[in-house]
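**Student:** Give the three-dimensional model of this entry:
(6 chains)
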There are 4 protein chains.
Amino acid sequence: MGAVRTKRKPRAVREQQMLDAAVQLFGQRGYMAASMDEIAERAGVSKPLVYLYLNSKEDLFGACIRREATALTEAVRSKVRPDMPAERQLWEGLRAFFTHTAQHPEGWTVLHRQAHTQGEPFAAEVAAVRAEFIAFVAQLILAAARDRAAPCARGDGGPGERHVPALPEHEATGLAEALVGAAESLAAWANATPGVTAHQAAATLMNFAWAGLGNLMEGRAWSPSAA
Amino acid sequence: MGAVRTKRKPRAVREQQMLDAAVQLFGQRGYMAASMDEIAERAGVSKPLVYLYLNSKEDLFGACIRREATALTEAVRSKVRPDMPAERQLWEGLRAFFTHTAQHPEGWTVLHRQAHTQGEPFAAEVAAVRAEFIAFVAQLILAAARDRAAPCARGDGGPGERHVPALPEHEATGLAEALVGAAESLAAWANATPGVTAHQAAATLMNFAWAGLGNLMEGRAWSPSAA
Amino acid sequence: MGAVRTKRKPRAVREQQMLDAAVQLFGQRGYMAASMDEIAERAGVSKPLVYLYLNSKEDLFGACIRREATALTEAVRSKVRPDMPAERQLWEGLRAFFTHTAQHPEGWTVLHRQAHTQGEPFAAEVAAVRAEFIAFVAQLILAAARDRAAPCARGDGGPGERHVPALPEHEATGLAEALVGAAESLAAWANATPGVTAHQAAATLMNFAWAGLGNLMEGRAWSPSAA
Amino acid sequence: MGAVRTKRKPRAVREQQMLDAAVQLFGQRGYMAASMDEIAERAGVSKPLVYLYLNSKEDLFGACIRREATALTEAVRSKVRPDMPAERQLWEGLRAFFTHTAQHPEGWTVLHRQAHTQGEPFAAEVAAVRAEFIAFVAQLILAAARDRAAPCARGDGGPGERHVPALPEHEATGLAEALVGAAESLAAWANATPGVTAHQAAATLMNFAWAGLGNLMEGRAWSPSAA
DNA sequence: TATGAATGAGGTTTCATTCAT
DNA sequence: TATGAATGAAACCTCATTCAT
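**Tutor:** As a prediction, this is how the structure comes out:
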């Protein structure tokens, strides 16, 4: 069965067909359970052609990961301008993220679920992309901390004013990790829950995170002793 | 080569050996890449015995998931008493969660990474456990909302007092999803980052989440128009 | 069709069946053209069993080479006693060699034809066995040279007597190489020519070689200028 | 990667390029392990062109064998004149043989090693060439026998003179087989041993063979009872 | 209870070969 | 003349699973 087998397309076209099929199947079944037979069939080509163009199952998987990671990164980057205030950057970034993952659910599954599961070449590859995201978010958090601190610094300097130290970088990374983790989880949830839009998911997360971060930066840290 | 093969142990003991081996290997290699041969060898028994006791690879994987899910649930439940305030419940629950995942990294990997990537029987099983967690956390959030609302309600009732409506359940679920997602992510991060203790991970997450939730419940919701 | 598939034999038996089949097919078709499918079928077992016991096609081929090389070496060694005179040792060795190669033609083909053809692991293996043979024959030639020289030395010592220098080792190796090459070639010829017995082949080669060697050692070397 | 692909060469040139590449690869890897892909690449042409000119892998291999066999035969034949004495013919022929095999090692490998190991079409082809060589050498041996016998016959006819019967043809063939086998073996040995020249190899073999043959023809046959 | 012996089915990969231009 | 695009067939190898003891 499979797709109709059209003939004699240029290489680039066929390669995209293959990657599309592969992302779908890797997303649905996982790396090992997706067979090259099935991928070739869904791409509408014969198996040898897949090997001719993409070399091996591992290489094919790697190509999928790279394509999807690049697409996601681009989608987010294109919406985030460095001259926006940090808060706005975060909001736009999250919206782009949830929008993209909603439009490419299999791609997102491959990146989020499957790539980690396989051995070192792939785990490392997605880990690198993810680390970039984390670092970016950590920078935003630090920038936001400065943004909030500035008005205070410009304040009256009266006796009640507490100096707000810059958030330690190490702490910012932990927070970024939490935020990104929450985002990843919400993306899967939004994809699986009908009626939840990307906009809503982004708003939920901003609600959850932003105000909390604000409090935190103003020195009102939560402490176990309070509980 | 393989564990020492001692003889004639009672069934329960043998079964635990097998599950231990299986959890290790499923965690390290994934469901498909872990072979029954290797599992049997690492368990120190012959392959037919594995089949005699656990029926099939699928059943074995299911048994692993159930055992690990139960253990994790138990670990958390045993630390959370319903008569604690919601905030304390959340704190203790998170601490238990991070402690357990740190002590059973392969089990956590099986639940978090591997179970999702296989077909329906397992994804559903682990999703069910996760849904319980989410529901529990959502309840805590709603309870906390009430806790915070109560003092206000008991307040002076002066003109400035705004009535805080109960957080809508749907919203609470989204927040719980985000919190649990953040927790899962932090668990993996803490396991992979030397020097991060379960205590610290829990505190980071409380810091991140709790204050924000508080703000949110007091009506200071974040809104995109502000950005 | 293949052999009748009898059941539940002990491992050692099955392994010999497999090696028998493999030697036959490797001999007839060559390493690459012989398929594991066909080997398994001819051995009367399923393919996975071949892999279970012999690991891989390469290992199987290696096992064949080692078995056949050992058998040939043993056959020759068992007939050659170091206390025989060199001439007798050579004769008995050649007879044993031609007898064995006549009785195990496929084994001989594997050693002589196929093993060289494949990459390094095997070429080296047979080259090692062959080098042992060459060295052994070279020793015999040198010993024979001494045997022949001795009576002369015990001669009258008159003015006509020329001292015969020990044959240089390097030369002996070249001669041994030629002799062994001739033997190898004659073995194939004898196998392919009906009516030529091992005894005759051995006698032909002794005729060809021994007298010539004798002349050579007595100083009557052939020289191009004579031609 | 691969040879530079120049354009529009006449067919004969292209064919030689292909045969050159094929002989190299068949010699290095063997018939089955050499792929048409690699041959085409090394020849600097596309694969369909190889098929256009040479039809199939089998035909290509056959063409290689024929080309190399013809070249070797020509090289030897051009140095051997029927009016030379048999001894001289043998010496010149051997020298030409060792010289040619040293200059065309892959071609020699294809003829000596690879052609035999494949199925019937090729083994027969190279066997035919070899049979011609053997027959030629057998004739030389018989001729030499007559050369040697003649002077004796013309001798004094004194009482000690034994009549030397013409060497039986069957015997001559066996001896020729041995000689050619030795030559083949020495060719491989000389190719693999640095510092051994074609001249030396030829001399070694003449030394080994000629004197022995002489003895043999003079009736001093070796006999097992002597050993 | 426990295991050595055995296999059907299916995986990835490669190859010789052809079509359409 | 020459080639990029494409594939049927078959190779090696592994796995989950069962049988007979």
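
**Student:** What residues does A:Val50 make contact with?
**Tutor:** Going by Cβ atoms under 8 Å, 6 or more residues apart in numbering or on different chains, A:Val50 touches A:18, A:36, A:39-40, A:43, A:60. No exception for glycine: its C-beta is placed from N, CA and C like everyone else's.

**Student:** Does A:Met84 belong to a helix, a strand or coil?
**Tutor:** coil (DSSP: H, G, I helix; E, B strand; the rest coil).

**Student:** Which residues are in contact with it?
**Tutor:** Listed by Cβ under 8 Å, 6+ apart, the contact set of A:Met84 reads A:Glu92.

**Student:** Following element in sequence after the helix or strand harbouring A:Glu15, please.
**Tutor:** Element membership for A:Glu15, per DSSP states H and E: helix A:11-29. Sequence-wise, the next helix or strand downstream of helix A:11-29 (DSSP H and E) is helix A:36-43.

**Student:** which strands and helices sit next to the longest helix anywhere in chain A?
**Tutor:** Criterion DSSP state H: the longest helix present in chain A is helix A:120-153. Packing partners of helix A:120-153 (3 or more Cβ pairs under 8 Å, 6 or more residues apart in numbering or on different chains; DSSP states H and E): helix A:57-77, helix A:86-103, helix A:115-117, helix A:169-192, helix A:198-217.

**Student:** picking up where we left off before, list just the nearest of the contacts of A:Val50 to DNA strand E.
**Tutor:** When the contacts of A:Val50 are compared for distance to DNA strand E (Cβ to the nearest atom of the strand), A:Met36 wins out at 3.5 Å.

**Student:** Near that closest one, how many other residues are there?
**Tutor:** 16 (other Cβ atoms under 10 Å in any protein chain shown).

**Student:** Who are the contact partners of it?
**Tutor:** Counting by Cβ under 8 Å, 6+ apart, the residues that A:Met36 touches are A:47, A:50-51, A:57, A:60.

**Student:** swap in A:Glu184?
**Tutor:** The contact partners of A:Glu184, taken as Cβ under 8 Å, 6+ apart, are A:112, B:181, B:185.

**Student:** residues in chain A within reach of DNA strand E, list them.
**Tutor:** A:7-8, A:34-37, A:47-48, A:51, A:55-58 (Cβ under 7 Å from any atom of the strand).

**Student:** For ChimeraX, write the selection for the buried entries among these.
**Tutor:** To isolate the buried subset of the residues of chain A next to DNA strand E in ChimeraX, counting by 16 or more other Cβ atoms under 10 Å in any protein chain shown, use the following:
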select /A:34,36,57
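
**Student:** which one of the residues of chain A next to DNA strand E sits closest to D:Thr73?
**Tutor:** For these, the minimum distance to D:Thr73 (Cβ to Cβ) is 41.3 Å, reached by A:Pro48.

**Student:** Which of the helices or strands spans the closest one?
**Tutor:** Assigned by DSSP H and E, A:Pro48 belongs to helix A:47-54.

**Student:** How about the residues of chain A by DNA strand F?
**Tutor:** By the rule Cβ under 7 Å from any atom of the strand, the part of chain A lying against DNA strand F is A:5, A:7-11, A:14, A:45-49, A:52.

**Student:** Would you check the residues you listed and say which has the weakest pLDDT?
**Tutor:** Least confident by pLDDT among the residues of chain A next to DNA strand F: that is A:Arg5, with 48.

**Student:** any idea of the pLDDT on the residue nearest to A:Leu72 when sequence neighbours are not counted?
**Tutor:** Distances taken as Cβ to Cβ, 6 or more residues apart in numbering or on different chains place A:His100 nearest to A:Leu72, at 5.6 Å, with adjacent residues excluded. Among the per-residue scores, A:His100 holds a pLDDT of 96.

**Student:** A:Ala123 too?
**Tutor:** In this model, A:Ala123 is scored at 88, pLDDT.

**Student:** Is it in contact with A:His116, as I believe?
**Tutor:** Yes. Using Cβ atoms under 8 Å, A:Ala123 is in contact with A:His116, at 5.5 Å.

**Student:** In chain A, what residue comes closest to chain D?
**Tutor:** Nearest residue of chain A to chain D (Cβ to the nearest Cβ) works out as A:Leu52 at 10.4 Å.
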